[in-house]
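Participant: A structural model of the following input is requested.
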Amino acid sequence: MNLVVGEEELLVERSVAALLAAARAASTGADVHDVAASAVAAGELATLTSPSLFGGGGVVVIRAAQDAGKDVADEITRYAADPAPDVVLILTHAGGGKGKALLTALKKMSPAVEVTDCPKITRFSDRLDFTRGEFRRAGRTADEGGLRALLDAVGSDLREIAAAVSQLAADVDGPIGEAAVARYYQGRAEASGFSVSDRAVEGRLADALEQLRWALATGVPPVLITSALAQGIRLLGRVGAAPRGKNAAALAAEVGAPPWKIDRVRQQLRGWAPDGVARALQIVAEADMQVKGEAASADYALERAVRSIVACRN
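Facilitator: Residues are numbered from 1 along each chain as shown. The predicted model follows:
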């Protein structure tokens, strides 16, 4: 029996696909049932895991096991303790508090229940490693500048990152570096929300407005721009509050940012005081509410926020 745990949907899907492929290879012609846990009725598990009329094994995939009803969860636990020898059962579980009793019970049955963890990737360094691995999967390599430029261009969603790597690997000849990524995305990398944020906190109003208008014109959602502004200003506050001599690598691990970003934020802090950072955070919070529906024009709300953030500097 296999249990795939985590919220990172792409990694969960890949793990399930690999387990399915292995099960099919081991039992050619096996019946496959792929169902959502919320759709499984009490007593139905026995039917799903019963032997095929034509002989041979079977494969049952139950997705989002955290949504299973109590009776079904109890049936899964009992089945895991005494599984059918010719049936492969694959469960996915988000790993949170919902359905925790089932998750705990199944994990206690390891190694009879093989667990694959697919936790949410939130740290920049982990996304960088994922992107590097995607290029390896495609038989290509990208340098550090290219990897960072790609993440700036497409954001943090793993599906978008994987799709972008696949496209670059297929369409770009030669080395994949920052220049190649910038050419491929025709300015999208330079016009990301993070570029707007960097220029705003550095006090470069004209450049920030130019990047903002270009980002909006190329389809960057306003909520991503407010998110980038909030991240940039929060980092100003957290790095500014840290002891001045603290090592960049240690501080990076503490705040969840790469060391090179810490060095850049320390440079951006010139011209900022704590009360200015606090005012800027309030401005971004107001802009976020406005772009989510309270303002008649999200574009105008963002431009006003950028002007106000620059004005918060000393």
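Participant: Counting neighbours, what do you get for the nearest residue to Val265 once chain neighbours are set aside?
Facilitator: Excluding the flanking residues, the one nearest Val265 by CB to CB, 6 or more residues apart in numbering is Val239, at 4.6 Å. In short, each C-beta sits where N, CA and C put it, glycine included. By other CB atoms under 10 Å, the residues close to Val239 number 23.
Participant: Quickly note the distance from Val239 to Ile225.
Facilitator: Val239 sits 21 Å away from Ile225 when distances are taken as CB to CB, to the nearest Å.
Participant: thinking again about what came up before, now the residue nearest to Val265: how far from Val201?
Facilitator: 11 Å.
Participant: what do you get for Ser50?
Facilitator: On the measure of CB to CB, Ser50 and Val201 end up 62 Å apart.
Participant: So for the two, which residue has more residues nearby?
Facilitator: Val201 (26 against 12).
Participant: isn't that one right next to Gly232, touching?
Facilitator: Yes. Taking contacts as CB atoms under 8 Å, Val201 lies within contact range of Gly232: 5.3 Å.
Participant: Just checking, which helix or strand succeeds the lengthiest helix in the chain along the chain?
Facilitator: Longest helix of the chain, by residue count under DSSP state H: helix 222-241. Per DSSP states H and E, the first helix or strand lying C-terminal to helix 222-241 is helix 248-255.
Participant: Next, the angle from that next one to helix 222-241.
Facilitator: If you take axes from the mean of the first three to the mean of the last three CA atoms, to 10 degrees, helix 248-255 sits at 130 degrees to helix 222-241.
Participant: by contact count, what packs against helix 248-255?
Facilitator: helix 222-241, helix 259-268 (3 or more CB pairs under 8 Å, 6 or more residues apart in numbering; DSSP states H and E).
Participant: The helix or strand containing Met289: which residues count as buried?
Facilitator: Assigning secondary structure by DSSP H and E places Met289 in helix 274-289. By neighbour count on 16 or more other CB atoms under 10 Å, the buried set for helix 274-289 is Gly276, Val277, Arg279, Ala280, Leu281, Ile283, Val284, Glu286, Ala287, Asp288.
Participant: Repeat that for stretch 145-164.
Facilitator: For stretch 145-164, a neighbour-count test (16+ other CB under 10 Å) marks 146-155, 158, 161-162, 164 as buried.
Participant: per-domain residue ranges of this protein.
Facilitator: If you go by automatic domain parsing, the domain ranges for the chain are 2-117, 124-185, 196-311.
Participant: CSV for those domains, including mean pLDDT?
Facilitator: Putting these into CSV (pLDDT from 0 to 100) gives the following:
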stretch, mean pLDDT
domain 2-117, 89
domain 124-185, 87
domain 196-311, 86
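Participant: If anything else comes up later, I'll come back, but that's it for now.
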